[in-house]
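# Build the 3D model from these lines:
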Amino acid sequence: MSETEHIWIARDYSKCSGCRRCEIVCSLSHEGKIWPEASRVRVFMLVPGVEIPHLCVQCSDYPCVDACPADALSIDRQTEAVIVDKEKCTACGRCVEACPGKIPYMHPTENYAVICDLCGGKPKCVEACAEGGWYALEIIKREDTPTFELFAKTPEEITRNVIRKLYGEEWEEAV
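Predicted coordinates:
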């Protein structure tokens, strides 16, 4: 992909092994240490065997950015990722409330929102997933994904959908 194309991280939940390499490399890259609690991608296992990598979807209308009263969130026009200005963020949580997937969360030790920034256009979580051979996370052109907002759901909603796909509707109530 060229430097000017907008990217999106595609997710295939059925391929996720739960290894959490994506969380590890993200926290190493952003925090300088292995700290999954501060990772911009978080893996949820609400039902054993169903692992859900959860990260920003870059909604076309960016409700999190619009909801921020401190103008701490902006959109990187190069990548279309949401960028958090730590100095401006007041940790009010309005971005979390506005997000259909409740994806942003507050940094575990500092007062600012944590949201995937696509690593400047070269997401390290995708590289780690590919190196492991799982390909649960892959980079695609954003323009090739007209339904990306279908992924803007909570981990509970996504888990229910995966359970339904894998085991049928009768197991959906397990979540």
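# now stretch 54-72: mean pLDDT?
Here stretch 54-72 scores 96 as its mean pLDDT.
# Pull out the buried positions in it.
Residues 54-59, 62-65, 67-68, 72 are the ones in stretch 54-72 that count as buried (16 or more other C-beta atoms under 10 Å). Where you see a C-beta, it was placed from the backbone N, CA and C, and this is true even at glycine.
# Kindly report the same for stretch 149-162.
Buried, per 16+ other C-beta under 10 Å, within stretch 149-162: 151, 152, 153, 154, 155, 158, 159, 160, 161, 162.
# Just the C-alphas of that stretch, formatted as CSV.
The C-alpha trace of stretch 149-162 is given here as CSV (Å, rounded to 0.1, in the frame of the first residue of the first chain):
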residue,chain,number,x,y,z
GLU,A,149,-18.6,0.3,11.1
LEU,A,150,-20.3,-3.1,11.7
PHE,A,151,-17.2,-3.8,13.8
ALA,A,152,-18.0,-0.8,16.1
LYS,A,153,-19.5,-3.0,18.8
THR,A,154,-18.8,-3.9,22.4
PRO,A,155,-16.7,-7.1,23.1
GLU,A,156,-20.0,-8.6,24.4
GLU,A,157,-21.8,-8.0,21.1
ILE,A,158,-18.9,-9.2,19.0
THR,A,159,-18.6,-12.4,21.2
ARG,A,160,-22.3,-13.1,20.8
ASN,A,161,-22.0,-12.7,17.0
VAL,A,162,-18.9,-15.0,16.9
